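Asker: need coordinates for the below:
(2 chains)
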Amino acid sequence: NAGVTQTPKFQVLKTGQSMTLQCAQDMNHEYMSWYRQDPGMGLRLIHYSVGAGITDQGEVPNGYNVSRSTTEDFPLRLLSAAPSQTSVYFCASRPWGQGMCFFGQGTRLTVV
Amino acid sequence: QQPVQSPQAVILREGEDAVINCSSSKALYSVHWYRQKHGEAPVFLMILLKGGEQKGHEKISASFNEKKQQSSLYLTASQLSYSGTYFCGTEINTGNQFYFGTGTSLTVIP
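Answerer: Next comes the predicted model:
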């Protein structure tokens, strides 16, 4: 099993550009989520999904969109990148109930 | 809703003990603990469910006080390999949003 596959690993964007961070899992997990990690602020929840067709906002959703058309995929879209979105992004999945989180390898995004 | 961890950072010598605390403003259904090495993704350590149980994993154990909405991670006889950033993860109800704490950087020196 590949687990959670997240791409790309590194990305540099110019202010105003758009991009999509890809996330796919092959464990049939219902719950998927996106976090951003910034120094001193831990992991903050951006958006999450409890199943195909169902998404909801986390703590810091502004500037990001998500969709969940299949159980496997949960892409994160930056519509118009801003320097404040420079961060490390992690996708995670977990089974419904009490299961542990499985993380992707992370994406280091720099917006200049 | 992000839980607050304390301390923010701690430096230990090998063999010393440490306690990391995680505090939430909401009633919790479960608490997870994860460790992250530099440049890597967080790795699961353990999960605790409401009921005040305590769990152990080698020399790392944790407790969960649901009345106080707090959890503590205990690291005893620390080893160099314990260095990293520790995060608690919390959920209010099963299947609900899963929030991670602010993180605690732990450095073990020889």
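
Asker: contacts and neighbour counts: CA atoms only from here.
Answerer: Fine.

Asker: what sits against B:Asn3?
Answerer: Not quite, residue B:3 is Pro, not Asn. Listed by CA atoms under 8 Å, 6 or more residues apart in numbering or on different chains, the contact set of B:Pro3 reads B:22-25, B:88-90, B:99-102.

Asker: where does chain A have low pLDDT?
Answerer: Along chain A, segments meeting pLDDT under 70 span A:1, A:98.

Asker: residues from it in reach of chain B?
Answerer: A:31, A:40-45, A:48, A:50, A:58-59, A:90, A:96-98, A:100-106 (CA under 8 Å from any CA of the partner chain).

Asker: before we move on, back to that, now that we have the contacts of B:Pro3, which one has the most neighbours?
Answerer: B:Cys88 (32 neighbours; other CA atoms under 10 Å in any protein chain shown).

Asker: which SS state does the closest residue to chain A within chain B fall under?
Answerer: With CA to the nearest CA as the measure, B:Thr102 is the residue of chain B nearest to chain A, at 4.0 Å. The three-state label given to B:Thr102 by DSSP: H, G, I helix; E, B strand; the rest coil is coil.

Asker: the nearest residue in space to it that is not next to it in sequence: neighbour count?
Answerer: Counting by CA to CA, 6 or more residues apart in numbering or on different chains, B:Thr102 lies nearest to A:Gly42, which is 4.0 Å off, once chain neighbours are set aside. The tally of other residues near A:Gly42 (other CA under 10 Å) stands at 24.

Asker: quick one: residues contacting A:Gly42.
Answerer: Contacts of A:Gly42 by CA under 8 Å, 6+ apart are B:87, B:100-103.

Asker: now with 10 Å, please.
Answerer: A:35-36, B:2-5, B:85-88, B:99-104 (CA atoms under 10 Å, 6 or more residues apart in numbering or on different chains).

Asker: ok, the residues you listed vs B:Glu40, which is closest?
Answerer: Checking those against B:Glu40 with CA to CA, the nearest one is B:Thr85 at 10.5 Å.

Asker: the helix or strand in which that closest one is found - contacts with which helices or strands?
Answerer: Using DSSP states H and E, B:Thr85 sits within strand B:84-91. Strand B:84-91 sits against strand A:42-51, strand B:4-6, strand B:18-23, strand B:30-36, strand B:43-49, strand B:70-75, strand B:98-100, strand B:104-109, with contacts defined as 3 or more CA pairs under 10 Å, 6 or more residues apart in numbering or on different chains; DSSP states H and E.

Asker: which of the ones you listed sits most buried?
Answerer: strand B:98-100 (a mean of 26; mean count of other CA atoms under 10 Å in any protein chain shown).

Asker: B:Arg35 against B:Ile20, yeah?
Answerer: No - counting by CA atoms under 10 Å, B:Arg35 stays clear of B:Ile20, with 11.9 Å between them.

Asker: which residues do those two both contact?
Answerer: With CA under 10 Å, 6+ apart as the test, B:Arg35 and B:Ile20 both reach B:86-88, B:103-106.

Asker: can you name the residue of chain A nearest to chain B?
Answerer: A:Gly42 (4.0 Å).

Asker: and that residue, bridged to which residues?
Answerer: When assigned by DSSP bridges, A:Gly42 has beta-bridge partners A:Asp38.

Asker: what residue ranges in chain B are flagged as low confidence?
Answerer: For chain B, the stretches with pLDDT under 70 are B:52-57, B:94-96.
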